[in-house]
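Peer 1: model this:
(chains A and B)
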Amino acid sequence: MAVALIPLAYLGVRTVEAGGDRIAAELWTERVGLLALRSLGLAGVVTVACVLLGVGTAFLVTRTDLPGRRLFAVLAALPLAVPTYIAAFAWVSTAPRLAGFWPAALVLTLCSYPYVLLPVAAALRGADPAQEEVSRSLGRGGWRTFTAVTLRQIRPATAAGALLVALYVLSDFGAVSILRAETFTRAIFVALELGFDRTGALVLSSVLVALTVLLLTGETATRRRGAQYAGLSGARRPVPRLSLGAARWPAVSALVAVAVLALGVPAVSLGRRLAAGTSRPGALPEVLAAAGNSLTVSLAGAALTMVLALPLGLLAARAPGPLTTALDRLAYLGHALPGVVVGLSLIFFGINVAYPLYQTRWLLALAYATLFLPLAVGAVASAAAQSSARLEEVARSLGRGPWTVLRTVTLPLILPGIGAGAALVFLTGMKELPATLLLRPTGTDTLATELWTSTAVGAYAAAAPYAVLLVVISALPTWLLVARSGLLDKEKRS
Amino acid sequence: MPVTHRATSALLTASLLVLGLAACGSGGDEKAGSDEQGDKQITVYSGRSEKLVEPLLEKFTAQTGITVQPRYASTAQLAAQLVEEGDRSPADVFFAQDAGALGTVAKRGMFSTLPEATTSQVPQTYRAGTGQWVGVSARARVLVHNPDLVPTDQLPKSVFDLVDPAWKGKVALAPTNASFQAFVTAIRVQHGDARAEEFLAGLRANDPQIRDGNGKIVEDVNSGIVAVGLVNHYYLGEIAKEQGTTPEELKAKVHFFPGGDTGALVNVAGVGVLNRAASDPDVQRFVDFLLSAESQAYFAEQTFEYPVISGVPGPAYVPPLADLSVPEVDLNDLDTLDATVTMIKNSGLVP
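Peer 2: Modelled structure (predicted):
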């Protein structure tokens, strides 16, 4: 848990250092109020849009007879592999006048709706059809059954996805910077770029922490009021699919349109840049070395994150209580902080506490763990919640020790969750830029840093291959996540 | 079929863990920054882009046998990193985009004083009065313009004319850029705070086109989206290079404000040597190499900047540095960043 506390402790130290007057001067301004409102507004708009898009797509691919639904399931999840800075850059290259709040909301929605889609699709597939059948047999129509039963069944999954989206939007810098949406994160970066004002940037970050606590408290409050929706019957059976009839082609067109906006625009734009520019990337070994570094640091980050997330996720699922909730919420704080702030906090930690680790891959892996812990905890907790604790109790009653039970019963049960969590952290680590720039070992280039290096001097054609490789490598874990949600399963024909 | 999934996921997880741990194991010992002097190895924190600097570093290594461990990030990030690292920084040299960042690190007492023989090659305006940093290449502020949208005879005589309503919506700015900030500081130094505040308010009221960086401004002016923009002169070189052409062939042209106008400020990219490397001969050779005729010619030809030592010609598409009527501002006076930053923030040009 100490991992999540490093940035908080650092912010605390630096904010106190700044002194009361400085904090007041920095924070009690109209500008800060406006920025906070705009950040929350952007998070709100994007979250709502992601929930609509994510739940709608999930329903279409899991519950209807949509043609090509497996293909659409993969296409709909793929935007996870596209970093927001690439997407925003592609949009600006395509439509140069695009700027401000709404374009930023559009790009962020297109990049982050899979965070809602994946858990909701899994929940829709896993839900017990008996509840819907009971509802219909009691006289409710299709639509009322959907709103009263189905939506409630997937509510925990929707809320978890929505929370990740909201926090992601609060911390994102790529899209808001390129599209010039004036949010809190952008103000933090401006403070740092303008006058190299570290203190100002960190004082502003503490507000971001406060906003996050607010969000988390809100989410926890609604969560408590939600009841558990256990299955009525023991055995799982597939849910019957809704026949779309004449509505199938509009539905297909809508999904195609989303895929074109989320994937087509970046692909075409990168292709055009590649064709138009004359700069070229480094030799093949250089590109491969960057890809290798990206892979190893992201894998190390994923491994470390999973090791840290496992006890936390198990605790959240098996021993719920106020303390567990507090720990779980704490893990989310790092996810809402901009990468540069987490990066600076780990420099502080590395220099003052763990000097032998400073500028090694270990510290970078630790940064990824700090940033992406909630992605992993969520995956482990939901897998643990789905597997019955009774199996563990039976094993204990048969004389197995607690460690043996953990090793032989619990871990195998939640392995799919561990896999999904690791894939998600790996994917996000591949895309991470600001913390990677600050913490990577000197001389180590990754795909993301190479991309940054090239675009910073306008060498867009040189940047394109790195971007393509980044998306292609990330597509692999994305496919795995889709497979894990059961979206690719062949149905049993009855 | 959950069983198959479980098996796949288990396999993936196992391989992730193994690979990840292997990666960590092999990555533990690559930290740069040995403390030995004259060990033919130096660590350079470069706020200048890898694309521009790497060929130069390769030349240096080929000539001297000294290997360079470069660490690339934005100048602002590296300045923050250095200040956070303090005395335990593994860096030997900070190669920064602009004088302001060098001043920030120098103020923390982290730089050692460079030998007189090194600094005296560079005109006084382009180095620290204390000898703690030295400029290695110079860049001029210019007005980039699109002749289709603004005829050459209608170009403003002074940067202050841009607040005129005639320019409403036509001027592109990158107010978060360090060069813009140095330019505003120069206005404060030359004309006082009140004039600077008035100028920023005027720009703001004139509905400026805000961009993320200078490169984007040059692109947009070149393609006719914006009429004019305030940038550094060498960005035209970069954009032309990417488009496979020369700066002369671009639609966009540079305009130097005449008569010593603050809009024609000349700033530098430069280096400072961290205290730990004060007496390291390898580091000294590196600084001298950057000021050698060969490196200076590289800056002129490859990065389109002005050399800072005499006798090396500048880039072809701009008049020589000596012919510019540069405003009378000492770069050492540009270290009052805080006040400038507050002013830019209050102006509403940045979030």
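
Peer 1: CA only for contacts and neighbour counts going forward, please
Peer 2: OK.

Peer 1: where in the stretch 201-350 of chain B is pLDDT low?
Peer 2: Applying pLDDT under 70 to the stretch 201-350 of chain B flags the ranges B:335.

Peer 1: which bits of it sit near chain A?
Peer 2: Within the stretch 201-350 of chain B, the positions near chain A by CA under 8 Å from any CA of the partner chain are B:211-212, B:215, B:238-239, B:241-244, B:337-338, B:341, B:350.

Peer 1: longest strand in chain B, please.
Peer 2: If you go by DSSP state E, chain B has its longest strand at strand B:133-145.

Peer 1: what about that strand, distance to the chain center?
Peer 2: Counting by CA atoms, centre = their mean, to the nearest Å, strand B:133-145 is centred 9 Å from the centre of its parent chain.

Peer 1: for the closest residue in space to A:P356 that isn't next to it in sequence, which residues are in contact?
Peer 2: In space, and not counting its chain neighbours, A:P356 is closest to A:G350: 7.8 Å by CA to CA, 6 or more residues apart in numbering or on different chains. Contacts for A:G350 were tallied using CA atoms under 8 Å, 6 or more residues apart in numbering or on different chains; they are A:P356, A:L357, A:Y358, A:L363.

Peer 1: widest-spaced pair of those residues?
Peer 2: The most widely separated members of the contacts of A:G350, counting by CA to CA, are A:P356 and A:L363 (9.7 Å).

Peer 1: returning to that earlier point: convert the C-alpha atoms of the helix or strand where the residue nearest to A:P356 lies to CSV, please.
Peer 2: If you go by DSSP states H and E, A:G350 is part of helix A:339-352. Output of helix A:339-352 as CSV, limited to C-alpha atoms (Å, rounded to 0.1, in the frame of the first residue of the first chain):
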residue,chain,number,x,y,z
GLY,A,339,2.3,11.0,-14.8
VAL,A,340,4.7,13.8,-14.3
VAL,A,341,3.7,14.3,-10.7
VAL,A,342,4.1,10.6,-9.9
GLY,A,343,7.4,10.7,-11.8
LEU,A,344,8.7,13.6,-9.7
SER,A,345,7.5,11.9,-6.5
LEU,A,346,9.5,8.8,-7.4
ILE,A,347,12.6,10.8,-8.2
PHE,A,348,12.2,12.2,-4.7
PHE,A,349,11.8,8.6,-3.3
GLY,A,350,14.6,7.3,-5.4
ILE,A,351,17.1,10.0,-4.4
ASN,A,352,16.2,10.1,-0.7
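
Peer 1: just want the most central residue of chain B.
Peer 2: For chain B, the residue sitting closest to the mean C-alpha position, by CA atoms, centre = their mean, is B:Q97 at 2.4 Å.

Peer 1: in this structure that residue contacts B:G272, no?
Peer 2: No - judged on CA atoms under 8 Å, B:Q97 makes no contact with B:G272 at a distance of 11.7 Å.

Peer 1: quick revisit: so which elements touch the longest strand of chain B?
Peer 2: Applying 3 or more CA pairs under 8 Å, 6 or more residues apart in numbering or on different chains; DSSP states H and E, we find strand B:133-145 packed against helix B:99-107, helix B:214-222, strand B:228-232, strand B:253-255, strand B:266-273, helix B:293-302, strand B:306-307.

Peer 1: put together CSV for the ones you listed, with mean neighbour count and distance to A:A448 on each row.
Peer 2: Below are the helices and strands packed on strand B:133-145 laid out as CSV (neighbours: other CA atoms under 10 Å in any protein chain shown; distance: least, CA to CA, whole Å):
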stretch, mean neighbour count, distance to A:A448
helix B:99-107, 24, 25
helix B:214-222, 24, 20
strand B:228-232, 27, 27
strand B:253-255, 22, 33
strand B:266-273, 26, 25
helix B:293-302, 20, 25
strand B:306-307, 28, 31
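
Peer 1: ok, which of these comes nearest A:S171?
Peer 2: Using CA to CA, the nearest of the helices and strands packed on strand B:133-145 to A:S171 is helix B:214-222, at 24.1 Å.

Peer 1: got the angle for the closest one vs strand B:133-145?
Peer 2: Per axes from the mean of the first three to the mean of the last three CA atoms, to 10 degrees, the angle that helix B:214-222 makes with strand B:133-145 is 20 degrees.

Peer 1: now helix B:214-222: how far from the chain's centre is it?
Peer 2: Centroid separation between helix B:214-222 and its chain, computed with CA atoms, centre = their mean, is 17 Å.

Peer 1: do the same with stretch A:313-329
Peer 2: That offset, for stretch A:313-329, works out to 20 Å (CA atoms, centre = their mean).

Peer 1: in it, what's buried?
Peer 2: Within stretch A:313-329, the residues that count as buried by 16 or more other CA atoms under 10 Å in any protein chain shown are A:G313, A:L314, A:L315, A:A316, A:A317, A:T324, A:D328, A:R329.

Peer 1: can I get the residues you listed in a markdown table with pLDDT?
Peer 2: Shown next, in a markdown table, are the buried residues of stretch A:313-329 (pLDDT from 0 to 100):
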| residue | pLDDT |
| --- | --- |
| A:G313 | 83 |
| A:L314 | 83 |
| A:L315 | 82 |
| A:A316 | 78 |
| A:A317 | 76 |
| A:T324 | 79 |
| A:D328 | 79 |
| A:R329 | 80 |
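
Peer 1: for A:Q359, which non-adjacent residue is closest in space?
Peer 2: Closest to A:Q359 by CA to CA, 6+ apart is A:P441, at 4.4 Å.

Peer 1: show me which residues of the stretch 51-200 of chain B sit near chain A.
Peer 2: When proximity is defined as CA under 8 Å from any CA, the stretch 51-200 of chain B approaches chain A at B:51, B:69-73, B:76-81, B:84-85, B:88, B:100-101, B:104, B:176-178, B:181.

Peer 1: could I have the buried ones of the residues you listed as PyMOL selection syntax?
Peer 2: In PyMOL syntax, the buried subset of these is picked out as below (16+ other CA under 10 Å):
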select buried, chain B and resi 51+69+70+71+72+73+76+77+78+79+80+81+84+85+100+101+104+176+177+178+181
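
Peer 1: filter the residues of the stretch 51-200 of chain B next to chain A down to the ones in helices?
Peer 2: B:51, B:76-81, B:84-85, B:100-101, B:104, B:178, B:181 (DSSP state H).

Peer 1: make TSV out of those residues and add pLDDT.
Peer 2: Shown next, in TSV, are those (pLDDT from 0 to 100):
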residue	pLDDT
B:K51	79
B:A76	80
B:Q77	81
B:L78	87
B:A79	86
B:A80	83
B:Q81	86
B:E84	86
B:E85	89
B:G100	80
B:A101	83
B:T104	82
B:A178	78
B:Q181	84
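
Peer 1: mind saving the C-alpha coords of stretch A:387-395 as CSV?
Peer 2: Output of stretch A:387-395 as CSV, limited to C-alpha atoms (Å, rounded to 0.1, in the frame of the first residue of the first chain):
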residue,chain,number,x,y,z
SER,A,387,-15.6,-17.4,-7.4
SER,A,388,-17.3,-18.7,-4.3
ALA,A,389,-15.5,-18.4,-1.0
ARG,A,390,-17.2,-21.7,0.0
LEU,A,391,-14.6,-23.7,-2.0
GLU,A,392,-11.9,-22.2,0.2
GLU,A,393,-13.9,-23.0,3.3
VAL,A,394,-14.3,-26.6,2.2
ALA,A,395,-10.6,-26.9,1.6
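
Peer 1: and chain B, is it touching that?
Peer 2: No - shown here: stretch A:387-395 not in contact with chain B (CA under 8 Å from any CA), separated by at least 12.2 Å.

Peer 1: off-centre distance for that stretch?
Peer 2: Between the mean C-alpha location of stretch A:387-395 and the chain-wide mean there is a distance of 31 Å, by CA atoms, centre = their mean.

Peer 1: buried residues in that stretch?
Peer 2: A:E392, A:A395.

Peer 1: before we move on, what about stretch A:249-259?
Peer 2: Buried residues in stretch A:249-259, counted by 16+ other CA under 10 Å: A:A251, A:V252, A:L255, A:V256, A:V258, A:A259.

Peer 1: thank you kindly, that will do.
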